[in-house]
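[1] Here's a sequence, model it:
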Amino acid sequence: MRESSGLHSWAYLVGHIRSLLHRCGLALNESESKVVSFSRQEMKMGVREGTFSLLGFYFYPVKSRKGNIVPMLQSDPKRMRKKLQVDINYFGVSHNSHRLSTFIFRSIQIVFKQLNRRSQRKSYNWNQINAFLKQFRVPKPAIKHRLW
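    Residues are numbered from 1 along each chain as shown. The predicted model follows:
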């Protein structure tokens, strides 16, 4: 769809999606749904309305080399933090604190290694990784369940 066609084409598209869902016996949840704009004009004005999370990914608009606005995605940091918290809650039993700390440290090492594979030289050092961990509030290992 072209940008110039505006809201009329979006209204038609949303109506078409509603009719397809209705045929399958489903309904569109209005409180959980929204139309996301990826327009050049809004991006030039600094409007970041085109961001959303879906299925564990964070989508945001960027300008391609040809000048088109395209959606990019990355892993949703909130979901990654939740996943790590679930693992801590599951493995956080009495007499398992050493293994739990090792698990968290190895996870951080994997992130460090993957971030530094992006170029020929080191992209991040441990001080920068620790600042990153503070910013994204990575959960600390803790005993959540006492077995005996």
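[2] Least confident secondary structure element in this structure?
    helix 40-44 (a mean of 70; mean pLDDT, DSSP states H and E).
[3] what about the closest residue to G56 other than its chain neighbours, which helix or strand?
    Once flanking residues are discounted, G56 sits nearest to R79: 4.6 Å by Cβ to Cβ, 6 or more residues apart in numbering. No exception for glycine: its C-beta is placed from N, CA and C like everyone else's. For R79, the host element (DSSP states H and E) is helix 77-91.
[4] ditto for P71
    Assigning secondary structure by DSSP H and E places P71 in strand 69-75.
[5] packing partners for that strand?
    Secondary structure elements in contact with strand 69-75, counted by 3 or more Cβ pairs under 8 Å, 6 or more residues apart in numbering; DSSP states H and E, are strand 57-63.
[6] Please compute how far the strand it packs on lies from its chain's middle.
    Here strand 57-63 is found 10 Å from its chain centre; the criterion is Cα atoms, centre = their mean, to the nearest Å.
[7] Could you do stretch 79-94 as well?
    For stretch 79-94, the distance to the chain centre is 18 Å (Cα atoms, centre = their mean).
[8] what comes up buried for that stretch?
    Neighbour counts using 16 or more other Cβ atoms under 10 Å place 84, 87-88, 91-93 of stretch 79-94 among the buried residues.
[9] Ok, stretch 92-103 next?
    Buried residues in stretch 92-103, counted by 16+ other Cβ under 10 Å: 92-93, 100, 103.
[10] which of the residues you listed sit farthest apart?
    Greatest spacing in the buried residues of stretch 92-103, by Cβ to Cβ: V93 and F103 (12.6 Å).
[11] How is the protein divided into domains?
    Listed domain ranges for the chain are 3-75, 77-135 (source: automatic domain parsing).
[12] Quick check: which element contains Q109?
    In this assignment (DSSP H and E), Q109 forms part of helix 97-116.
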